[in-house]
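> Got a sequence here, can you model it:
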Amino acid sequence: MTDLIRDRLLKVKELAETGIDGEKQSAIKLLRELLEKYNLTFDDLIDKEIERYDFSYTMSAEEILLFGVVRKVTGWGDISYYKVPGTRIAAFGLTHVQATEIQFLYSYYRKPFKKWIKEKIKAASYAFCRKNMLCLTITSENKNTIDDPLTDEEMELLRKIWREEEDIKALPKPNQGLIDVK
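Here you go, the predicted structure:
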């Protein structure tokens, strides 16, 4: 069976499994006809050959995302994995179909996940600094007095900071430092 035939059969099989009413029935009928035509069974469509597939990540939070996607696709049954020492690469023993689905989902979730993480880090950083009195004001260059109303952007940033600040415990003030902290 060529890869082209196999791919087409897999698409028809997926439609037979996920289609709606008449669509589903037509796909089942077509799949049976094609399997008979090529002298195949449903088991022949299941990719059983396990190969090593490497996936890279740039930060530890992405590693968690990657493992979440792998768990979603594989059910985490007997999947073997290996983290390449000194790199940010995780290697998994997967079928080609699993690897393709993982690559698609990981690519799909990765960009919005990184954006979300960066926003959380920024808000948490401001909250941490405010809680420990490391930075006391957030102002734009156009602010002349303390009575000027905040812009919508500044208000949203403050809301984020206050939400993050609730979860952050203030560190005790240092006893000694380069300068006297009062």
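> make it CA atoms for all contacts and neighbour counts henceforth
Will do.
> domains for the chain, by residue range?
Using automatic domain parsing, the domains assigned to the chain come out as 3-45, 51-117, 121-143+150-165.
> where does this structure have low pLDDT?
1-3, 43, 47-48, 77-78, 127, 130-133, 135-151, 154, 161-162, 164-182 (pLDDT under 70).
> where along it do the strands fall?
For the chain, strands defined by DSSP state E occupy the ranges 51-56, 81-83, 89-94.
> Tell me which of those strands sits nearest to residue 106.
strand 51-56 (9.2 Å; Cα to Cα).
> what packs against the closest one?
strand 89-94 (3 or more Cα pairs under 8 Å, 6 or more residues apart in numbering; DSSP states H and E).
> Return the angle between stretch directions for the strand it packs on and strand 51-56.
Going by axes from the mean of the first three to the mean of the last three Cα atoms, to 10 degrees, strand 89-94 is angled at 150 degrees with respect to strand 51-56.
> Which positions within the lengthiest helix in the chain qualify as buried?
In the chain, with assignment by DSSP state H, the single longest helix is helix 96-131. Neighbour-count burial for helix 96-131, counted by 16 or more other Cα atoms under 10 Å, picks out 96, 98-99, 102-103, 105-106, 110, 114, 123-124, 126-131.
> now swap in stretch 6-21 and tell me
Applying 16+ other Cα under 10 Å to stretch 6-21 flags 9, 10, 12, 13, 15, 16, 19 as buried.
> Next, the contact list for residue 83, please.
89, 90, 91 (Cα atoms under 8 Å, 6 or more residues apart in numbering).
> Present those as JSON lines; the columns should include neighbour count and distance to residue 73.
Compiled in JSON lines, those are given as follows (neighbours: other Cα atoms under 10 Å; distance: Cα to Cα, whole Å):
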{"residue": "89", "neighbour count": "16", "distance to residue 73": "19"}
{"residue": "90", "neighbour count": "18", "distance to residue 73": "16"}
{"residue": "91", "neighbour count": "16", "distance to residue 73": "15"}
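> so which of these comes closest to residue 27?
residue 91 (35.5 Å).
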